[in-house]
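In: everything below, folded, please.
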Amino acid sequence: MNFEDTDFRQEILDPENPLDLKLLNTFLKRFDFDFKPEEVKTTMIMYNLNNEIIGTGSLNGNTLKYVVVAPEFRDSTAFAQIVTYLADKALENHKQCFVYTKPETAKLFQALGYSLIATAEPLFSVLEFGYKTIKDFQQHLVQNKIETTTTNIATIVVNCNPFTVGHRYLIEKASEENELVYLFVVSENLSAFPFEIRWKLIKEGIAHLNNVKMLSTGPYIVSGAIFPNYFLKHESWSLISEKQAEIDVKIFAEYIAPVLNIKKRYIGCETYCETTAAYNTAMHKILPKHNIEVIECERITSNKDFCKKEYISASKIREAIKQDNLNEVLDFLPENTKNFLLSNESEEIRQQIKETYGRH
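Out: Residues are numbered from 1 along each chain as shown. Below is the predicted model:
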């Protein structure tokens, strides 16, 4: 069956129109997707000349989501039109766009010029398209690379939401045990404390460490992101977490660590967060295969006594703020973080935490 471009028409979804939402939901449910309009910014719908939905795609930031074409139209130009429209839209505000899809459909995006970054069978493939690629990020790392006399080079990836004495302890430990430590700070602004504040508090808190180089993660490290999982409705959350972590750790091992000659990765032990625990498991599984040692350290209490039950965590700080009990956890905080949280400068952040906040 052959189709011409004139066989289709495109419309942008009006999220305030309940009829349009109902029609789109009905279409996507055929493919086992639950459409969540609050998770996207733009949605394009494609109709045939009978005004039937034959395909759709959405965009959230620079990530493509819900890209679906009905089976009987998959030999047409519908898929290419949808993906091209979304990519063009994304590149208006970003230099690259990403798509997370099942491995078996990755080739459809590759045929349109997308580059495969990594795959975690059988759930995820991540691809990118645009003016900037992971090679540009690698070049950025090269420009920030510090020459060393040994290969005793480590890394830590932190969010620090906010920066605690637990974070400082882990960074100091790595600093003492290595010639150089690359400290990656999660750059996505999806935390209660904005990136600029987290960066500032960390920088102040480790100013005494001369062998720690701070870098932002960009979109390739823990862009935990926030992997779309809408197409994995029937998979267990534990498997989804495992494969999300596997993607992230593979990208780190194959694209990041070799550029900076990283030989060790320090992590804190995890006893209650399933997502972080999945990351730790993935690191133990994957990194040694790339000659990267994983050093998992016990969390500490405020008096530096190892204890699994009373360990320091940023989530406890946020919960204390939420409950107006910050004074009870001040021992968990370095002096600079403590001063910030007790100042008027943090008032807006504290108020937002009281109203709502997520785990990370």
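In: where does Ala213 fall, helix, sheet strand or coil?
Out: Quick fix: residue 213 reads Lys, not Ala. Three-state call for Lys213 (DSSP: H, G, I helix; E, B strand; the rest coil): strand.
In: got a list of what it touches?
Out: Counting by Cβ atoms under 8 Å, 6 or more residues apart in numbering, Lys213 touches Asn144, Ile146, Leu180, Val181, Tyr182, Leu183. (C-beta placed from N, C-alpha, C; glycine too.)
In: partners of the last one in the sheet?
Out: In other words, Leu183. Here Leu183 sits in beta bridges with Ile156, Met214, going by DSSP bridges.
In: 104 is where my numbering starts, stick with that
Out: Yes, from this point I'll number from 104; that puts the last item at Leu286.
In: tell me, how many residues neighbour it?
Out: 24 (other Cβ atoms under 10 Å).
In: could you do the first one as well?
Out: Counted by other Cβ under 10 Å, the residues lying close to Asn247 total 13.
In: that one: what's its closest spatial neighbour, skipping adjacent residues?
Out: Leu318 (6.0 Å; Cβ to Cβ, 6 or more residues apart in numbering).
In: can I assume the one you found is in contact with Leu283?
Out: No: between Leu318 and Leu283 there is no contact under Cβ atoms under 8 Å: 12.0 Å.
In: more neighbours: those two, which one.
Out: Ranked by neighbour count (other Cβ under 10 Å), Leu318 and Leu283 place Leu283 first, with 23 against 18.
In: would you check that the more buried one makes contact with Thr258?
Out: No: Leu283 is not in contact with Thr258 according to Cβ under 8 Å; the separation is 9.3 Å.
In: how close does Asn314 get to Leu286?
Out: 10 Å (Cβ to Cβ, to the nearest Å).
In: now the helices: where do they sit in the stretch 254-403 of the chain?
Out: Under the criterion DSSP state H, counting those that start in this stretch, helices of the stretch 254-403 of the chain are mapped to 268-280, 298-308, 340-354, 360-363, 377-389.
In: buried stuff in the fourth one?
Out: Read it as helix 360-363. Ala360, Leu363 (16 or more other Cβ atoms under 10 Å).
In: what's it packed up against?
Out: helix 237-246, strand 256-261 (3 or more Cβ pairs under 8 Å, 6 or more residues apart in numbering; DSSP states H and E).
In: out of those, which gets nearest to Leu363?
Out: In terms of Cβ to Cβ, the element of these nearest to Leu363 is helix 237-246, at 5.9 Å.
In: tell me which residues of the closest one come out buried.
Out: For helix 237-246, by 16+ other Cβ under 10 Å, it's Ile237, Phe240, Gln241, Leu244.
In: mind checking which of the helices and strands packed on helix 360-363 is nearest Asn196?
Out: Using Cβ to Cβ, these put helix 237-246 closest to Asn196, at 17.3 Å.
In: need the CA coordinates for the helix or strand of the chain with the lowest mean pLDDT. PDB is fine.
Out: Ranked by mean pLDDT, DSSP states H and E, the helix or strand of the chain with the weakest confidence is helix 340-354, at a mean of 81. C-alpha atoms of helix 340-354 as PDB (Å, rounded to 0.1, in the frame of the first residue of the first chain):
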ATOM      1  CA  TRP A 340       9.500  -1.500  38.600                       C
ATOM      2  CA  SER A 341      12.500  -3.400  39.900                       C
ATOM      3  CA  LEU A 342      13.400  -4.500  36.300                       C
ATOM      4  CA  ILE A 343      12.800  -1.000  34.900                       C
ATOM      5  CA  SER A 344      15.100   0.400  37.600                       C
ATOM      6  CA  GLU A 345      17.700  -2.200  36.900                       C
ATOM      7  CA  LYS A 346      17.700  -1.500  33.200                       C
ATOM      8  CA  GLN A 347      17.700   2.300  33.600                       C
ATOM      9  CA  ALA A 348      20.700   2.000  35.800                       C
ATOM     10  CA  GLU A 349      22.400  -0.400  33.300                       C
ATOM     11  CA  ILE A 350      22.000   2.200  30.600                       C
ATOM     12  CA  ASP A 351      23.500   5.000  32.700                       C
ATOM     13  CA  VAL A 352      26.400   2.900  33.900                       C
ATOM     14  CA  LYS A 353      27.200   1.600  30.400                       C
ATOM     15  CA  ILE A 354      27.300   5.200  29.100                       C
END
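In: which strands and helices sit next to it?
Out: Using 3+ Cβ pairs under 8 Å, 6+ apart, helix 340-354 is in contact with strand 218-223, strand 227-233, helix 377-389.
In: buried deepest among these, which one?
Out: strand 227-233 (a mean of 22; mean count of other Cβ atoms under 10 Å).
In: pull the residues that contact that one.
Out: By Cβ under 8 Å, 6+ apart, strand 227-233 touches 165, 190, 193-194, 197-206, 208-209, 212-213, 215-222, 237, 330, 346-347, 349-350, 354.
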